[in-house]
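[1] Sharing a sequence plus its predicted fold:
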Amino acid sequence: MIPIANHVAVSRLGGAPGQREVWRTQYAGRDCVTRIIARDRLHANLGTTIRSIVLRGQGSAVNLPENIQLTIEGYRVAARIPTLTGPVPGSATLAGVEPRWPQVLDAGLTADGFVYITTEWIDGEPLHRLRVEPHLRIPIARGVGRILAALHNSNVAYGDLKAENLIIGPNGEVSLIDLDTMREVGGPRMAVPTRDLTMSWAAPEQRQEQQTYLASDLWAFGKLVRELFDNDVPVHWREPVDACWHRQPLLRPKTVALVARLHDPEATLVDWNDEPLRAVVPHTEADAAGEKTQRVDDLATERVPETTAPTLPSVPQPPRPAPEPPKPYALRSCLMLLLAGGVLGVGTCTGLFTWWDRSQIAIADAGADEALMALKLYKTSPVVNRDTSQRTAIRAQADAAWETRGTPHATAVRALALVWEQGWQDSARKWDAGKYSEAIAALDGAGAKEPAAWMARATVEGGACRLNHADATSAGHCDRALDAITTLRTLLPAEDEWSWLQVEASWTEVLVRGELAEQAVTAKSGEAPQRLTAVLSACDAAKPWLPFGPVNALELEQDCMDYAGLARDLPRYFTLADALFDAAGANKTTIAHAYHSAGAGCDAVAISQKRGDWVVKGDPWCIAVGDAARSCVALAEDVIAKTATLYPDQPWADLQTAMAGRAEACRK
């Protein structure tokens, strides 16, 4: 076993050489399973980042190798489930049930720089190796259903449900393993790109469209129940189990309703549209299992199978289906009563259309809530954020809700989806007056107390402030952006579930105040110091929210590093440089950032690599500060000794004071 501090190897469970190793270990006096991703070596300073992501669900993995990102994303989601979930609604059957999956005990880097994750050992045997006694079949199926209900209540899809990933304990208790397959989903109507699948268990949308919904787990559940009962499913379970194999994900049974039916034959079955479940003609086993499609095999292991399926591309999400209109017979009856001239007809029709109006409002607001959850997922999940087609999918979801009824809430969410699809925070974007007008017009009718509306306004006005800076209207855009951020913060609840918007607001404020500071520095205005202080104060205010923004938090800190260099706040600059290297490692991008952000004009520094060493040419001040930011203290002192007398106007004494406590640990 690759050496890990405080871990004792017991036996090798499996893996693939140079890819992954899976071991049974002892850690802190407990039996454990330790997975080692033995492919990509990381800098030792990234160990803290890995622990934060895996154990607390906080931090950013965006600059880690993709293989590592995709693995630890599932553990990040698993760590966040306690903060995402509440009581499972809709069924008293689920009260007090503790879903079982292994507790993550430790994570970090091995002595050789490989990521490892240690989880508790679950006593029992994988379901696929057991001959299940008849009296245990029903409890096992119910146990799996309760686990799925708990995950789906948090908008988490497991993604690769199969018998190999279920452990049956000595007393029949059911536990899920392989947490790296978990993914957050924006809501029942939203999907994430499929990453982990076993072809004979995967739903059609996973195999064919590479999309995973919450309801995709239900397809695999249907197969699991059939295998448990050798296709002789209990009579009162046949309807929901058959419905799990519906070709359309949203027409499969809603998980909480399915679990209720597994406990109570009289429980009402509804689909993911909250409509009564439709009768389904069950498919054949070959059709359902996808046996005509090439299977993606797992790594052969003794206990913990590891999926090595490739990452697959995403496709846009179809719009939310429009609600059904009132039944024709109801309208005909209403018209007949009106023609009859009776008071009863007026009352009946008024009641019918009042009901219809309220139902449309409820449907629109519920659809807007799902689109907002999808926006949150796009902004907080690095895996989902990499798939830019999600912007289009979310925009379609928000448009569909708004088209149902343009409520203040639906209008606000639609405007935010539009603004983010237009990419107003993208640094490479060009000013577009037409898209600006479209975004502002989309806010007409948005509620004055809707956080989404103020976030949309802050984002588009902030983008106009930065992208249209040569125009005389720039200052007005900047002021409106800052006013919108102030209003947004008065409206955001204190709960952690809204902290992702705090990150977005903080980043927008830093970008706007940074633009104002850069303008002042370029114009050599006396306001430059005050404006630089303002942007750095905004950076300080953003710190409590950074753990909630694993996608944009790193970019926010990089921008703060830029302004610290511009302000010549060297202690802050070095602290932010250390955080950047810890999070992203020492590569050409981060090395260049250390020099290019060191002060005004430092973006002209030329950087190349020769025989493994970095060669830096340009302004001596930029080089010395960049060397110090890399913790190459000896190099920085050498630059100061050779050039300080030639450039007496530079604050070399301040640089030496800031370097005084830095250890020589040159990042290469």
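    It's in. Numbering: from 1, shown residues only.

[2] Skipping its backbone neighbours, what lies nearest residue 112 in space?
    If you skip the residues right next to it in sequence, residue 112 has residue 2 as its closest partner in space, 6.0 Å away by CB to CB, 6 or more residues apart in numbering. Just so you know, the C-beta spots here come from the backbone N, C-alpha and C atoms, and that holds for glycine as well.

[3] Pretty sure that neighbour sits in a strand.
    No. In this structure, residue 2 is coil, not part of a strand, as judged by DSSP: H, G, I helix; E, B strand; the rest coil.

[4] tally of neighbours for it?
    Burial of residue 2, expressed as a neighbour count using other CB atoms under 10 Å, amounts to 16.

[5] wait, doesn't it sit right on residue 38?
    Yes. Applying CB atoms under 8 Å as the test, residue 2 and residue 38 come out as touching, 6.5 Å apart.

[6] intersection of neighbour lists for these two?
    Listed as contacting both residue 2 and residue 38 by CB atoms under 8 Å, 6 or more residues apart in numbering are 21, 114.

[7] Helix, strand, or coil at residue 5?
    At residue 5, secondary structure determined by three-state DSSP is coil.

[8] That one: what's it in contact with?
    When contacts are counted by CB under 8 Å, 6+ apart, residue 5 is found next to residue 111.

[9] tell me the pLDDT at it?
    Looking at residue 5, its pLDDT is 87.

[10] cool, and residue 365?
    Listed pLDDT for residue 365 reads 90.

[11] give me the element it is part of.
    helix 343-380 (DSSP states H and E).

[12] picking up where we left off before, so what's the residue nearest to residue 112 up against?
    Residue 2 neighbours (CB under 8 Å, 6+ apart): 21, 36, 38, 110, 111, 112, 114, 116.

[13] how near is residue 652 to residue 642?
    Separation of residue 652 from residue 642 (CB to CB, to the nearest Å) stands at 11 Å.

[14] neighbour-wise, which of these two wins?
    residue 652 (19 against 11).

[15] any idea how far residue 359 is from that one?
    72 Å.

[16] and what of residue 519?
    With distances defined as CB to CB, the gap from residue 519 to residue 359 amounts to 51 Å.

[17] And those two? Which one has more around it.
    Between residue 519 and residue 359, counted using other CB under 10 Å, residue 519 has the larger neighbour count: 18 against 15.

[18] is it true that that one lies in a helix?
    Yes. The assignment for residue 519 by three-state DSSP puts it in a helix.

[19] what residue lies at the spatial centre of this protein?
    The centroid of the chain falls nearest to residue 381 when counting by CA atoms, centre = their mean (1.6 Å).

[20] what residues are up against it?
    With contacts taken as CB under 8 Å, 6+ apart, residue 381 has the following neighbours: 73, 77, 183, 184, 192, 550, 551.

[21] closest to residue 478 among those residues?
    Distance to residue 478, by CB to CB, is smallest for residue 551 among these, at 24.4 Å.

[22] What pLDDT does the model give the closest one?
    What the model reports for residue 551 is a pLDDT of 81.

[23] got it, and the one 4 residues further on?
    As predicted, residue 555 sits at a pLDDT of 87.

[24] check which helix or strand covers it.
    Secondary structure (DSSP H and E) places residue 555 in helix 553-566.

[25] do the same with residue 261
    With elements taken from DSSP H and E, the one containing residue 261 is helix 255-263.

[26] same deal with residue 268?
    Element membership for residue 268, per DSSP H and E: none, as it lies in no helix or strand.

[27] Provide the secondary structure category for residue 608.
    strand.

[28] Next one: it from residue 49, what distance?
    Distance of residue 608 to residue 49, given as CB to CB: 28 Å.

[29] which of those two has more neighbours?
    Neighbours per residue (other CB under 10 Å) separate residue 608 from residue 49, with residue 49 holding more: 26 against 10.

[30] got the angle for the one helix or strand the more buried one maps to vs helix 553-566?
    If you go by DSSP H and E, residue 49 is part of helix 47-56. With axes from the mean of the first three to the mean of the last three CA atoms, to 10 degrees as the criterion, the two stretches helix 47-56 and helix 553-566 enclose an angle of 140 degrees.

[31] which helices and strands does helix 47-56 pack with?
    Where contact means 3 or more CB pairs under 8 Å, 6 or more residues apart in numbering; DSSP states H and E, helix 47-56 is packed against helix 66-84, strand 104-109, helix 570-584.

[32] Need these in a markdown table (columns: mean pLDDT and mean neighbour count).
    Rendered in a markdown table, the data for those read as follows (pLDDT from 0 to 100; neighbours: other CB atoms under 10 Å):
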| stretch | mean pLDDT | mean neighbour count |
| --- | --- | --- |
| helix 66-84 | 82 | 20 |
| strand 104-109 | 93 | 20 |
| helix 570-584 | 90 | 21 |
